[in-house]
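> got a sequence here, can you model it:
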Amino acid sequence: MHPLAVQADQSRCTKAIQSLGYFITDIDSDWGRPYDKFEGVKKGREYDIWVNKSTCKVEKIILDPDRHWYD
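Next up, the predicted model:
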């Protein structure tokens, strides 16, 4: 179980990602790193999304290279 502060940040950042139209399939929250990596789907394509933990600002979005290596 994560401390409540972390749960609140994840929840806030989750809402920020969803507001961009992504359906979140996974969250990789690395302790000691300033970002969370989300995996999400939008319009049938899978994306990796890196989000600043403290601000919930999206830092980077790319097509999931494991799923869309041919694009």
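
> in the sheet, who's paired with residue 60?
residue 50 (DSSP bridges).

> that one touches residue 50, doesn't it?
Yes - Residue 60 is within contact range of residue 50, at 4.4 Å (criterion: Cβ atoms under 8 Å). Any C-beta I mention is one placed from the backbone N, CA and C, and that applies to glycine too.

> so residue 18 touches residue 27, yeah?
No - counting by Cβ under 8 Å, residue 18 does not reach residue 27; the two are 11.9 Å apart.

> so between these two, which is more surrounded?
Set residue 18 next to residue 27 and count neighbours by other Cβ atoms under 10 Å: residue 27 wins out with 16 against 13.

> who does the more buried one bridge with?
Here residue 27 sits in beta bridges with residue 38, going by DSSP bridges.

> from now on call the first residue 277
Sure thing, new numbering starts at 277, so read that last one as residue 303.

> residues contacting it?
Counting by Cβ atoms under 8 Å, 6 or more residues apart in numbering, residue 303 touches 286, 290, 312, 313, 314, 315.

> adding distance to residue 340 as columns, could you present those residues in a markdown table?
As requested, those are arranged in a markdown table below (distance: Cβ to Cβ, whole Å):
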| residue | distance to residue 340 |
| --- | --- |
| 286 | 20 |
| 290 | 18 |
| 312 | 16 |
| 313 | 11 |
| 314 | 11 |
| 315 | 7 |
